[in-house]
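# Pasted the sequence and its predicted model underneath.
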Amino acid sequence: MFEKKQIIYSETQGVCRVDNIVSLSAARGEVGVPYYVLKSVFDDSKVSYIPVDNHQVALRELFTEEEARALENSEALEKDELLKQAVEYVLAEAQK
């Protein structure tokens, strides 16, 4: 389980921050289901609600600097703009 304020990678949104974890239900009186509220680190207007359990979207911890360097010149990076942004973000953060 991810924590609030954690920076993660979403296959649909790229680098994002777990802005909150909320409980949502379809109707009043029903037991709520926990959801991650994900915000893009590049565009605060991009918000996604992803179920904490049984989500269909691949979520993972952000790459380490070593993983980013290994991906830096890969073919996968050329094909996936979100992956490219994630690698650039990690490498930029490592420079700080």
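Perfect, thanks for sending it.
# Next, the buried residues of the longest helix along the chain.
As assigned by DSSP state H, the longest helix anywhere in the chain is helix 81-95. Within helix 81-95, the residues that qualify as buried are 82-87, 89-90, counting by 16 or more other CB atoms under 10 Å. Every residue, glycine included, has its C-beta placed from N, CA and C.
# and these as JSON lines, adding distance to residue 38 and pLDDT?
Formatted as JSON lines, those follow (distance: CB to CB, whole Å; pLDDT from 0 to 100):
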{"residue": "82", "distance to residue 38": "13", "pLDDT": "92"}
{"residue": "83", "distance to residue 38": "17", "pLDDT": "92"}
{"residue": "84", "distance to residue 38": "19", "pLDDT": "93"}
{"residue": "85", "distance to residue 38": "15", "pLDDT": "94"}
{"residue": "86", "distance to residue 38": "14", "pLDDT": "94"}
{"residue": "87", "distance to residue 38": "19", "pLDDT": "94"}
{"residue": "89", "distance to residue 38": "15", "pLDDT": "95"}
{"residue": "90", "distance to residue 38": "17", "pLDDT": "95"}
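# For residue 9, state which of the residues you listed is nearest.
residue 86 (5.3 Å; CB to CB).
# Check whether that closest one really touches residue 64, as I assumed.
No: the pair residue 86 / residue 64 is not scored as a contact, 11.6 Å apart, by CB atoms under 8 Å.
# Is the residue lying farthest from the centre of the chain inside a helix or a strand, and which specific one?
Going by CA atoms, centre = their mean, the residue of the chain most distant from its centre is residue 29, 30.5 Å out. Assigned by DSSP states H and E, residue 29 falls within no helix or strand.
# Please give the centre-to-centre distance between the helix-or-strand element of the chain with minimal mean pLDDT and its chain.
Here the helix or strand of the chain ranked lowest by mean pLDDT, DSSP states H and E is helix 75-79, holding a mean of 86. Once both centres are worked out by CA atoms, centre = their mean, to the nearest Å, helix 75-79 turns out to sit 19 Å from its chain's centre.
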